[in-house]
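please work out how this folds:
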Amino acid sequence: MPLYEYHCEDCQADFTLLQSLSTNKEETTCEHCGSSSVNPQMSSCVGKVQGAPRKGVKPATIDDYPNKTIFNLPKPRHISEI
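Just a heads-up that it's a prediction; the model follows:
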C-alpha cells in the first residue's frame with residue numbers, strides 16, 4: 001500500500017497516511033482535527049534500478065538539460081522536517 005501525504009486547511013497540519021489504492025481520497029479526513037478539508041500533497045519517491053550500467057554511458061549532468069533553471073527550485077519539505 002502506498003503512502004499519501006495531506007495538508008489540512010483547517011488546522012494547518014501535514015500528515016501521512018498508508019492507504020489502499022482503492023481508497024476514495026475525497027473521503028479522507030484530518031487525523032488531528034477530523035476536518036474533511038484536506039488536500040493531497042506532492043510526494044517524492046525513490047526507485048532502484050538493478051543491473052550494471054551500460055559501458056560508455058556517463059551519468060547526466062546539469063549541462064545535459066535544456067532548461068537548467070529547473071534545478072533552482074526550493075527543496076521540497078519532508079514530513080520529518082515538521
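
pretty sure Tyr6 is in a helix, no?
No. Using DSSP: H, G, I helix; E, B strand; the rest coil, the assignment for Tyr6 is strand, not a helix.

ramachandran coordinates for Tyr71?
If you look again at residue 71, you'll see it is Phe, not Tyr. The phi/psi pair for Phe71 (degrees, to the nearest 10) reads phi -80, psi 0.

thought it was touching Thr61?
No. Look at Phe71 against Thr61 with CB atoms under 8 Å: they stay out of range, at 10.6 Å. For glycine as for every other residue, the C-beta is placed from the backbone atoms N, C-alpha and C.

could you pull out the strands for this structure?
Here the chain has its strands, by DSSP state E, at 3-8, 14-18, 38-40.

pull the distance from the second one to the chain's centre.
In other words, strand 14-18. Distance of strand 14-18 from its chain centroid, counting by CA atoms, centre = their mean, to the nearest Å, is 11 Å.

tell me where the protein is predicted with low confidence.
Within the chain, the stretches with pLDDT under 70 are 1, 76-82.

closest to the centroid, which residue in it?
Ser43 (0.7 Å; CA atoms, centre = their mean).

which residues does that residue contact?
3-5 (CB atoms under 8 Å, 6 or more residues apart in numbering).

redo those as JSON lines? Include distance to Asn67 and neighbour count.
Output for the contacts of Ser43, formatted as JSON lines (distance: CB to CB, whole Å; neighbours: other CB atoms under 10 Å):
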{"residue": "Leu3", "distance to Asn67": "30", "neighbour count": "11"}
{"residue": "Tyr4", "distance to Asn67": "29", "neighbour count": "17"}
{"residue": "Glu5", "distance to Asn67": "26", "neighbour count": "17"}
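
want to throw the strands of the chain into a markdown table with distance to Arg54?
Formatted as a markdown table, those follow (distance: least, CB to CB, whole Å):
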| stretch | distance to Arg54 |
| --- | --- |
| strand 3-8 | 32 |
| strand 14-18 | 36 |
| strand 38-40 | 37 |
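
hmm, back to that, just give me the closest of the contacts of Ser43 to Leu18.
The nearest member of the contacts of Ser43 to Leu18, counting by CB to CB, is Leu3 at 5.7 Å.

alright, calling it a day.
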